[in-house]
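>>> I would like the atomic coordinates for the input below:
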Amino acid sequence: MSTSFLVASSRLRFHPGSFPFAFPIRPEAVRFRTRMERAFLLRIPGEKGAGPPGRSEPTPTSSKKDRGGVDPTETSFERHFLGGAMAMASGLVASFLPRPCRFRDRRGVLVEAKKKKKKGEEPTEVEGTDETSNRSQAEEENPDETQVEQVVSPRRLTQDEIVAVKRQLRVHGSAPPAPKPPPPPPDWAFPMLASLTVGASLAYVGYKFFENRMPDVQKKLKEKSWRQESTGRLNEIMNELRSMQTADVQARNLGDEGCSYVVEALAFNDVCTAVDLSSNGIGSMGIVALIEALKHNDVLNSINLNQNAGGDEGAVAIAEFLSTNYTIGSINLSSNGIGDDGAKALADMLKKNSTLAVLELNNNVIDYDGCVAIAEALVENSTLTTLNMSGNYAGGLGANVLAKALERNAGIVELRLSGNDLGNEGTKALADALQVHQGNLTSLDLGNNSIGLEGAEAIASYVEKCSSLTSLNLYMNDLGDEGCKLIVKALKANKTVTTLDLGGNNIGPGGMAAIADLLKENDTIVTLELGYNPAGPEGSKALAEALKFHGKVETLKMGWCKVGVEGAVPLADMLRYNNTIATLDLRGNNMGDDGARAFAQSLKVVNEALNNLDLGYNEIRDEGAFALAQALKANAEGAVSLLSLSSNYITKLGAVALTEAVDIVHELGSGRDTTIVF
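Residues are numbered from 1 along each chain as shown. Next up, the predicted model:
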């Protein structure tokens, strides 16, 4: 420890003006610092006889390395700063020391002593007049019993200061009296404290008890609230089922219990002909309750149970009911988890039922065995007109079985078997069977069945000869340009097909050119789906040239066909001359602002046919939005009813311009409403 640090600490005076912080100084701190000064034998410059014994007074030329000296280069700030730090450390250490006894002498001077006493003896009181005389007198009288330490001030008082203190005591009187001891607590304090303690304990025990029981109580309250709310909703649904002719209760989250509660209203309804219970999570129990209610209903004709959880048990219950029912004409059991067992029960029902015309079993798990059972039923049943089995697992073998049954069936008019992995073999079997089918098939859906060129050839052969087919769906197969050309060749001979879906068949510019040639000759196709094909700008140009002055197409869908800006310009120009297209879908063709400006120029021309234009997913920004907004303002009377610009890069500026255009169209277009989605 350096000498300067000790000197600085020895010069500190313990009064509020010299202490840098508002920290209370206890007498122990003073005593602790005094002992430290004694231990290190501090010397204070300027005082004679200071310093450790045996050392001489340092000369002014002494360096900092000389012990007992002070560095002359040390600043006053350092000395005071180090002194303050030393004082703070002393106070902190002393605050943890045990507090000694405190008492005052006859003059009122505070004296503190630590006493060591033997058993049965009283401590000795020490006066604070003279430290040396008091200590020697106490040691002589009681050398082994009591040890007294007096508080030592930072420095000793001079004789003049002692005289001044005595004079001040004579002026102001004697020392202040000792503080009175606190009064004893009243008699009622302890009973009140005990009662408060007992009350707090009981409150804590009660709190813990209710805290453990609170979840159960809250759960019961919530259940009661939910029960009341559910009862009110169910009563509303029952009122609908009692009075409405067509009851729409889809997606109400009824479940088995809710369904069992509300279907009782159908037993007393004599006007309701159709009920929609789809998407309600109804299982076999709810279906059984529905059947019990329908036994007393003689007017209901259509039931929709799509997207429920009936399973095979529900299918068996419905099959038993429909075997003796003569009013239900349409039932939808799609997405109910029905397997082969349920299909077999429904097949047995078809052999007995003579009124059911529509049976929908889409998106179930019917495999080959179920297909065999339904095929056997189709041979005997002549009243079923629509069979929907899309999204099952018929496969090529199931297709062969159904094909043989269709050869002998005369009632099926609509056949939907998309998503059954039929392949080319199953498709060829079905196409060959349909050529000898005794009925008049109007709708054929074979989409998503991995049909290639061989299957396309078989379908083309059937379409060319069929005179009743109005809808042909070959969506998401693999026809390619060559398969497309075969279908187009067949459609040139067929004059009945109005809806053609060739989307997702990898048809390029060559196939699009063939379709364009077809449209120049065919006047029956109204809806044309060509989305998800790599038509490119060349294929788009070919279709645009054909649709300018030919064809009767009202709905054209070319989403995600890689049209680009080069293909968008001729399609936009086509709208100036075409007077039949009402819906044009060009989503996802990367036409950007340039393509949007091209369509804006066409929208300025009056087109009474176009109502719906979809330009979503085309990377259109604010500039394209501004151009479209100006076009709508310029042609308020002939503005489209719906303009979709969703999933583009239009900011708030473009949105404001489009919103303003909608308001102007409403004002100037004689009340015409335009909806813009962005």
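
>>> Against which helices or strands is the helix ranked longest in the chain packed?
Taking DSSP state H as the criterion, the chain has its longest helix at helix 189-243. Using 3 or more CB pairs under 8 Å, 6 or more residues apart in numbering; DSSP states H and E, the elements in contact with helix 189-243 are strand 246-248, helix 255-262. From N, CA and C alone the C-beta is placed, and that goes for glycine too.

>>> Sheet partners, orientation included, of the shortest one?
So the one you mean is strand 246-248. Applying DSSP bridges, strand 246-248 is found paired with strand 274-276 (parallel).

>>> Name the residues that touch the strand it pairs with?
By CB atoms under 8 Å, 6 or more residues apart in numbering, the surrounding residues in contact with strand 274-276 are 241, 245-250, 266, 300-304.

>>> contacting residues for Ala309?
281-284, 336-337.

>>> can you rerun that using 10 Å?
Going by CB atoms under 10 Å, 6 or more residues apart in numbering, Ala309 touches 255-256, 280-284, 286-287, 335-337.

>>> Also Val365?
Contacts of Val365 by CB under 10 Å, 6+ apart are 311-312, 336-340, 342-343, 391-393.

>>> Now do the strands in the stretch 301-450 of the chain.
302-304, 330-332, 358-360, 386-388, 414-416, 443-445 (DSSP state E, counting those that start in this stretch).

>>> could those strands go into CSV alongside mean neighbour count and distance to Asp663?
Shown next, in CSV, are those (neighbours: other CB atoms under 10 Å; distance: least, CB to CB, whole Å):
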stretch, mean neighbour count, distance to Asp663
strand 302-304, 20, 41
strand 330-332, 19, 43
strand 358-360, 20, 45
strand 386-388, 21, 45
strand 414-416, 20, 45
strand 443-445, 20, 43
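
>>> Name the nearest residue to Glu454, sequence neighbours excluded.
Asn424 (4.3 Å; CB to CB, 6 or more residues apart in numbering).

>>> ok so, going back, from the contacts of strand 274-276, keep the buried residues only.
By neighbour count, with 16 or more other CB atoms under 10 Å, these hold 241, 247, 249, 266, 300, 302-304 as buried.

>>> Quick one: those as CSV, columns for pLDDT and distance to Gly595 too.
As requested, those are exported to CSV (pLDDT from 0 to 100; distance: CB to CB, whole Å):
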residue, pLDDT, distance to Gly595
Leu241, 78, 51
Ala247, 84, 47
Val249, 88, 45
Leu266, 83, 54
Leu300, 88, 52
Ser302, 94, 45
Ile303, 94, 47
Asn304, 95, 42
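
>>> nearest to Ala600, of those?
Asn304 (43.3 Å; CB to CB).

>>> so what's that closest one up against?
Residues near Asn304 by CB under 10 Å, 6+ apart: 248-250, 274-279, 330-334, 360.

>>> Roughly how far does it sit from Gly281?
As defined by CB to CB, to the nearest Å, Asn304 lies at a distance of 14 Å from Gly281.

>>> cool, Leu333 as well?
Taken as CB to CB, the span from Leu333 to Gly281 is 15 Å.

>>> And those two? Which one has more around it.
Between Leu333 and Gly281, counting by other CB atoms under 10 Å, Leu333 is the more crowded of the two (26 against 16).

>>> Pull the contacting residues for the more buried one.
Applying CB under 10 Å, 6+ apart, the residues near Leu333 are 287, 303-306, 308, 310, 314-315, 318-319, 342, 346, 359-362, 364, 388.

>>> what does the helix or strand containing Asp573 contact?
Per DSSP states H and E, Asp573 falls inside helix 564-574. The contact list for helix 564-574 (CB under 10 Å, 6+ apart) reads 535-549, 556, 558, 561, 563, 578, 581, 584, 586, 589-603, 615, 618.

>>> Filter the residues you listed down to the ones in helices?
536-549, 592-603.

>>> Filter these down to the buried ones.
536-537, 539-547, 592-600, 602-603.

>>> Model confidence score at Phe77, please.
What the model reports for Phe77 is a pLDDT of 48.

>>> Could you do Glu149 as well?
44.

>>> Same question for Ala29.
Here, the pLDDT recorded for Ala29 equals 46.

>>> Arg672 now?
Value for Arg672, per-residue pLDDT: 79.

>>> For it, the count of nearby residues, please.
With other CB under 10 Å as criterion, Arg672 counts 15.

>>> Including distance to Asp478 and neighbour count, could the contacts of Val365 go into CSV?
Output for the contacts of Val365, formatted as CSV (distance: CB to CB, whole Å; neighbours: other CB atoms under 10 Å):
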residue, distance to Asp478, neighbour count
Gly311, 35, 19
Asp312, 35, 20
Asn336, 31, 27
Gly337, 30, 17
Ile338, 30, 27
Gly339, 30, 18
Asp340, 29, 19
Gly342, 32, 27
Ala343, 29, 27
Gly391, 19, 19
Asn392, 21, 25
Tyr393, 20, 18
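
>>> Looking at the residues you listed, which one is closest to Ala405?
Distances from Ala405 to the contacts of Val365, taken by CB to CB, are shortest for Ala343, at 13.6 Å.

>>> what's near enough to touch the nearest residue to the closest one once chain neighbours are set aside?
Distances taken as CB to CB, 6+ apart place Gly370 nearest to Ala343, at 3.1 Å, with adjacent residues excluded. By CB under 10 Å, 6+ apart, the contact list for Gly370 reads 338-347, 361, 364, 389, 392-394, 398.

>>> what's the answer for Ile366, then?
Ile366 touches 338-344, 346, 373-374, 389, 391-394, 398, 420, counting by CB under 10 Å, 6+ apart.

>>> Do you have the helices of the stretch 251-400 of the chain handy? List them.
Counting by DSSP state H, counting those that start in this stretch, the stretch 251-400 of the chain has helices at residues 255-262, 284-294, 311-322, 340-352, 368-380, 395-408.
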